[in-house]
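In: Just the structure for this:
(3 chains)
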Amino acid sequence: MVMKIYLLYLVLCFLAPSLWAEDPGMKSIGAMNVQLFFATNEDPAAAGGIAKRVPEIELKKLKAIKGLEFEHYRLMGRDMPEILKGYENWATPLLPSKEILVSFQPIRKSGDKKLQMVLEYWQSKRKVFSVNPILTMGKTLYLVGPEWRKGRLILAVKIEKLEE
Amino acid sequence: MKKEKTEELFVKWIDGQLASEEEVQVVSLLQENENLEAELQEMKSVSGSLAEEIPASVDPPYCDFFNSQLMRKVDLEIHSRTPSEMRGRRAKSFRWAWAPVGALALVLSFFAGHRISRPATVTVAQGQEEDRLIQFLPTVYFAGESLKAEVIADSDGNVSAIFVHGLAAIRDDIDFATVTTSTELPKSYARSEARRFD
Amino acid sequence: MAPAGTSPDAGAGDDEISDHELIEACQKRDAKAFETLVIRHRGKVYAMVQNMIKNEADAWDLSQEVFLKVWKALPKFEARAKFSTWLYRITHNVVYDWLRKRKIESAGELDDGILNESDIAAGARTTPTKIARPDDALANSELGKRINIALATLNTEHRETILLREVQGLDYKEIAKVMGCSLGTVMSRLYYARKKLQTLLCDEKGKD
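Out: This next block holds a predicted model:
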């Protein structure tokens, strides 16, 4: 009898964390994919050593956007943070540099695989603009940003994963 | 008469709120200074203009968005308070007795077939205007008057790109391989990083 | 339903639920009731904040902060007090906290962070109508423009006092409660603010 109570006690210790309430805002509902590209008609080497070649499939998507017909593209960085339901989330695509940041917070689901969010673009530690698009999972939204080294920096924001 | 007292009388005179004995005092003051009444009349006229020209109530721009954002924060606040209250209560009441009580609950639940876990309480509201999704245009808010946005939509009507004109260029000498400090960034950035990398 | 006008916070209209009833519901954590309260009072709060700090982006954020504080503090709100005074008091605290953080000079220098709507280009399928911003509407009136310029020369306390009195229509005691000062201080500030505005605006008129 004593042994049984002791075993129950041990099992209870194991289950104890589930007795405590979870913060529903901390629930992850998906993941974002935030990439930063450097686009230029001049020498792409200006992007520096951290820049990488852009995969063909991504190049095609970039060049298909009206107004984004640059000759050369380089990938400067990527970040794939989780989307937490109730908190402002941040992406640092240029880590370790925090020159360009994106914050995002989900507002509401808008149908199947769509999520409306508030996106904020930060540059040099200042909020520059915010936008409230409805993003479709897998579809990229390009935010064409500032000039740098005779080229342009372009943020590509996409919902990589979205829970049902 | 003290300066503060006369100021009070003049304010009340402009607002038509003098008591009868105060009116007598003001009349006396007006008689001592022939320009005073004209001056007070002008002050009264300015007060009237303020009331006419400055609206007492102005809805914030995109007030539906204002409300939905605010109610989201309220929603979070409701749900963030409840767990900590529960924790507080439980910490107190179960401090000495939680093990056997919990064990009893486990036994009962085993026989009842229920799990011991709190059900999820937050549901994200479904979009109400799904028919109009294709035509939804995002709103862009800027922190500088010189900025403009151009929104490009694809053939399905989904926004595919936003061009921002007028953004300050990033200096060419800035090297993105260098570490930048997190100071001066909002606390939510620090918390977000802490969650991810600690 | 209690008839409108029987309490300080009767709310607008005979058919509508009174502020008092909404507050009671909010105190029971009814978020829907709170939303109605927000819709009813957000215009006043936003106008007050915007007139104090002249920055649309921050006015938006601060107005939200005001209502969030209201939501959190509603359980402690005493029904016999006037809701609008209490609301202005919270607005006052939020604005002053913000000003302290931003260290804005009392001469009324504007901060560099005014939000604008975007100009949506023809690349989009539909173009939303541009909604006139409140200070656009004001700018349409020459006098309004001059009044705003003159108001900006007042320090924060004087500006707030005169806005609460002339624009929001509070009485002296209410202003004292909102600003956490004595009645005498309210009178003195009102006098000074009116005098200064009169000097600025009437001098300009003389020049025209």
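In: Quick check: phi and psi on A:N33?
Out: Main-chain torsions, A:N33, degrees, to the nearest 10: phi -130, psi 110.
In: Looking at it now. What's its pLDDT?
Out: At A:N33 the predicted local confidence, pLDDT, stands at 93.
In: who touches it in this structure?
Out: By CB atoms under 8 Å, 6 or more residues apart in numbering or on different chains, the contact list for A:N33 reads A:78, A:80, A:156-160. Glycine gets a C-beta too; all of them are placed from N, C-alpha and C.
In: mind running it again at 7 Å?
Out: Residues counted as contacts of A:N33 (CB atoms under 7 Å, 6 or more residues apart in numbering or on different chains) are A:80, A:158, A:160.
In: Do a quick rundown of the strands in chain B.
Out: Counting by DSSP state E, chain B has strands at residues B:140-142, B:148-153, B:159-165.
In: Of the contacts of A:N33, which is the most crowded?
Out: Greatest neighbour count in these, by other CB atoms under 10 Å in any protein chain shown, goes to A:K158: 18 neighbours.
In: Tell me the backbone dihedrals of that residue, please.
Out: The phi and psi values for A:K158, taken as degrees, to the nearest 10, are phi -150, psi 150.
In: who's in contact with it?
Out: A:33, A:138-140.
In: longest single helix anywhere in chain C?
Out: Of all the segments of type helix in chain C, defined by DSSP state H, the longest one is helix C:183-207.
In: Quick check: closest non-adjacent residue to C:S182.
Out: Spatial nearest neighbour of C:S182, excluding adjacent residues (CB to CB, 6 or more residues apart in numbering or on different chains): C:A176 at 6.3 Å.
In: Test my guess that the one you found contacts C:V186.
Out: Yes - with contact taken as CB atoms under 7 Å, C:A176 and C:V186 are classed as touching, separated by 4.9 Å.
In: between those two, who's got more neighbours?
Out: Residue environment comparison for C:A176 versus C:V186 gives the larger neighbour count to C:V186, 26 against 19, counting by other CB under 10 Å.
In: Pick the one among the contacts of A:N33 closest to chain B.
Out: Closest approach to chain B among the contacts of A:N33 (CB to the nearest CB): A:M80, at 10.2 Å.
In: Give me the distance between the closest one and chain C.
Out: 28 Å (CB to the nearest CB, to the nearest Å).
In: now chain C, which segments are flagged as low pLDDT?
Out: Residues of chain C that meet the criterion pLDDT under 70 lie in C:1-15, C:103-140, C:203-208.
In: Okay, and A:L143 sits in which element?
Out: A:L143 belongs to strand A:140-148 when assigned by DSSP states H and E.
In: whoops, I mixed them up, C:T91
Out: Assigned by DSSP H and E, C:T91 belongs to helix C:83-102.
In: and the closest residue to C:A33 other than its chain neighbours, how many neighbours?
Out: Take C:A33 and drop its neighbours on the chain: the residue closest to it by CB to CB, 6+ apart is C:A25, 3.5 Å away. As a burial measure, C:A25 scores 18 neighbours (other CB under 10 Å).
In: Before we go further, C:A25 is sitting in a strand, right?
Out: No - membership of C:A25 in a strand is not supported by DSSP: H, G, I helix; E, B strand; the rest coil, which gives helix.
In: Check the spacing between C:E160 and C:M48 real quick.
Out: Counting by CB to CB, to the nearest Å, the separation of C:E160 from C:M48 is 8 Å.
In: and what of B:F65?
Out: Noted for B:F65: a distance of 20 Å to C:M48, by CB to CB.
In: Just want the most central residue of chain A.
Out: Among the residues of chain A, A:M32 comes closest to the average C-alpha position under CA atoms, centre = their mean, at 3.5 Å.
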